[in-house]
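> show me the folded form of this:
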Amino acid sequence: IHPSIIVKGYVLAAEKAQEILENIAIRVTPDDEEILMKIAMTSITGKSAESYKELFARLAVEAVKQVAEKKDGKYTIDLDNIKLEKKAGESVEESELVRGVVIDTEVVHPRMPKRVENAKIALIDEALEVKKTETDAKINITDPNHLMSFLEQEERMLREMVEKIREVGANVVFVQKGIDDLAQHYLAKYGIMAVRRVKKSDMEKLAKATGAKIVTNVRDLTPEDLGHADLVEQRKVAGENMVFVEGCKNPKAVTILIRGGTEHVVDEVERALEDALKVVKDVMEDGYILPAGGAPEIELAIRLDEYAKAVGGKEALAIEAFADALKIIPKTLAENAGLDTVDVLVKVISEHKNRGPRIGIDVFEGGPADMLERGVIAPLRVPKQAIKSASEAAIMILRIDDVIAAKASKSEKGEGGMPGGMGDMDMGM
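Just a heads-up that it's a prediction; the model follows:
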């Protein structure tokens, strides 16, 4: 069969598969937390964090719902607004959701307050230092009085910056760049907590969490630019200081603080949480779910076999091959669970035909089961994207083989009637 015909069959099969998936998908609402929890737990199952899947599923659902924004009746979720902060040294059960931002740094001056309630937060994207000239400059001072005037002017400039922060009513300052020692002294004197060298990504999260505006020039700072939080506090976590910004009103950026006994454990938890966050996001944005456990792939294989008979011709062979390939998913699932793949697959397909598209493989009991009843659920977006990507990859390879085959055939015949492919040789030269 020519690759072009196979490609045509694969395109028909992929389009029909997308249609079938949409028909069997089940509508859910973002308010159905039980379903969202089951989806998150399904994604965590099989990973090292499985023992605590309920805890992490709850953290994932709460975090995604907190940062979700509704526009024109649809939810949009940016997972960049959920910060995952890892710290080894405690039990995994100590992991928590902070409705605000956790900054992995410390307060710059020992005399500054380490706890500020009812915080008014300023975010500054410039250094609280005396600006250096843009070009190399040399200043010659011949009189000691001039030197004193020069130093006093620098001090005055730094004091004015701090006075401006104090004047607008800020009692906590996050600075993306450095803070001069003298500026630190004045900030401490006025009881203002300050944190320096905060990452740009953290500054943006602070802005979304607290409602503050990032200001590039201290002189432009106004009371309207300040953000608010119930509490900003420096705490010691795993022997290191971290600054917690908590109690923000409806924060659109949150932090999940991941704990674990070792670095390996917290890395595994982070991997599990990333998957959970993504599937919850998919379901909240699309609003559709599917039974998992190989059920969608079995349904597709059965329905595409029927579709192949209706299409007929050589393309039907490609559609049948496409349907057969989909059975690899439930087969691999059974194999990974240590089951007899042929026996289990025959039973599940038979039961699936009798009871409908919710029947998949129960890897614990080694037989067919209703996946929705077992709480094994996946977002509609995942199998749709998998089929789309796999089809495009297969078609691309087939087209490449088609080109290679054509060139090989051309080479054998030769060009311009010359035997032995001399025409191709000339072209190459």
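
> please name the residues that touch the residue nearest in space to the middle of the chain.
By C-alpha atoms, centre = their mean, the chain has its centre lying nearest to Leu79, at 4.8 Å. Contact analysis of Leu79 by C-beta atoms under 8 Å, 6 or more residues apart in numbering lists Val64, Val67, Leu277, Lys278, Lys281. For the C-beta atoms, the positions are set from N, CA and C on the backbone; glycine is no exception.

> so which of those residues are in helices?
Judged by DSSP state H, the subset of those located in helices is Val64, Val67, Leu277, Lys278, Lys281.

> neighbours around the last one, how many?
Under the neighbour criterion other C-beta atoms under 10 Å, Lys281 is assigned a count of 23.

> state the pLDDT value of it.
In this model, Lys281 is scored at 94, pLDDT.

> now it, nearest residue through space, not along the chain?
Leaving aside its sequence neighbours, Lys281 sits nearest to Ile77 (C-beta to C-beta, 6 or more residues apart in numbering; 4.6 Å).

> what sits against that neighbour?
Counting by C-beta under 8 Å, 6+ apart, Ile77 makes contact with Val64, Val67, Ala68, Glu69, Lys281, Met284, Glu285.

> now with 6 Å?
Shown in contact with Ile77 (C-beta atoms under 6 Å, 6 or more residues apart in numbering): Val64, Ala68, Lys281.

> can you list the residues you listed in JSON lines and add distance to Glu152?
Listed next are the contacts of Ile77 as JSON lines, based on distance: C-beta to C-beta, whole Å:
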{"residue": "Val64", "distance to Glu152": "54"}
{"residue": "Ala68", "distance to Glu152": "53"}
{"residue": "Lys281", "distance to Glu152": "56"}
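
> return the member of those residues nearest to Leu226.
Set against Leu226, the nearest of the contacts of Ile77 by C-beta to C-beta is Ala68 (25.5 Å).

> right, and that closest one touches Lys74 too?
No - shown here, Ala68 and Lys74 do not form a contact pair, counting by C-beta atoms under 6 Å, at 10.2 Å.

> looking at those two, which is more packed in?
Ala68 (18 against 11).

> any idea of the pLDDT on that one?
91.

> list the buried residues for the helix or strand where Arg159 lies?
Using DSSP states H and E, Arg159 sits within helix 144-168. In terms of neighbour count (16 or more other C-beta atoms under 10 Å), helix 144-168 has its buried residues at Leu158, Met161, Val162, Lys164, Ile165, Arg166, Val168.

> what does stretch 371-385 give?
371-372, 374-384.

> where along the protein do the helices fall?
Along the chain, the segments classed as helices by DSSP H run 3-24, 33-44, 53-67, 144-168, 181-189, 200-210, 263-286, 295-311, 315-326, 328-336, 341-355, 371-374, 381-413, 422-428.

> could those go into JSON lines alongside distance to Val363?
Below are these laid out as JSON lines (distance: least, C-beta to C-beta, whole Å):
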{"stretch": "helix 3-24", "distance to Val363": "21"}
{"stretch": "helix 33-44", "distance to Val363": "12"}
{"stretch": "helix 53-67", "distance to Val363": "15"}
{"stretch": "helix 144-168", "distance to Val363": "59"}
{"stretch": "helix 181-189", "distance to Val363": "59"}
{"stretch": "helix 200-210", "distance to Val363": "39"}
{"stretch": "helix 263-286", "distance to Val363": "18"}
{"stretch": "helix 295-311", "distance to Val363": "13"}
{"stretch": "helix 315-326", "distance to Val363": "18"}
{"stretch": "helix 328-336", "distance to Val363": "7"}
{"stretch": "helix 341-355", "distance to Val363": "9"}
{"stretch": "helix 371-374", "distance to Val363": "10"}
{"stretch": "helix 381-413", "distance to Val363": "18"}
{"stretch": "helix 422-428", "distance to Val363": "54"}
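
> neighbour-wise, which one of the ones in helices among the contacts of Leu79 leads?
Highest neighbour count within those: Val64, with 28 neighbours (other C-beta under 10 Å).

> wait, isn't that one in contact with Lys278?
No - at 9.3 Å, Val64 does not count as touching Lys278 under the criterion of C-beta under 6 Å.

> how far away is Ala369 from Asp343?
Noted for Ala369: a distance of 15 Å to Asp343, by C-beta to C-beta, to the nearest Å.

> between these two, which one's more packed in?
Neighbour count, other C-beta under 10 Å: between Ala369 and Asp343, Ala369 has more, with 23 against 12.

> leaving out the residues flanking it, which one is nearest to that one?
Sequence neighbours aside, Asp362 is the residue nearest to Ala369 in space, at 3.7 Å (criterion: C-beta to C-beta, 6+ apart).

> where does this protein dip in pLDDT?
Residue ranges of the chain with pLDDT under 70: 132-137, 145-148, 150, 401-429.

> residue furthest from the geometric center of it?
Distance-from-mean max, the chain, by C-alpha atoms, centre = their mean: Asp143 at 61.0 Å.

> state the distance from that residue to Ser149.
9 Å.

> and for Arg159?
Arg159 is 15 Å from Ser149, where distance means C-beta to C-beta.

> about what we covered before: verify the stated contact: the residue nearest to Ala369 with Met371.
No - at 8.4 Å, Asp362 does not count as touching Met371 under the criterion of C-beta under 6 Å.

> closest one to Ala188 out of the ones in helices among the contacts of Leu79, please.
Val67 (34.3 Å).

> list the contacts for the closest one?
Counting by C-beta under 6 Å, 6+ apart, Val67 makes contact with Asn81, Ile82, Lys252.

> grab the nearest non-local neighbour of it.
Excluding the flanking residues, the one nearest Val67 by C-beta to C-beta, 6+ apart is Asn81, at 4.3 Å.

> surely Ile377 and Gly293 touch.
No - the criterion here is C-beta under 6 Å, and Ile377 misses it with Gly293 at 9.2 Å.

> count the neighbours of the residue nearest to Val67 for me.
Per other C-beta under 10 Å, the neighbour tally for Asn81 reads 22.

> again with Val11
A total of 17 residues lie near Val11 under the criterion other C-beta under 10 Å.

> any idea how far it is from Lys388?
11 Å.

> again with Thr42
If you measure Thr42 against Lys388 using C-beta to C-beta, the figure is 21 Å.

> ok, those two, which is more surrounded?
Each of Thr42 and Lys388 has its neighbours counted (other C-beta under 10 Å); Thr42 has more, 24 against 13.
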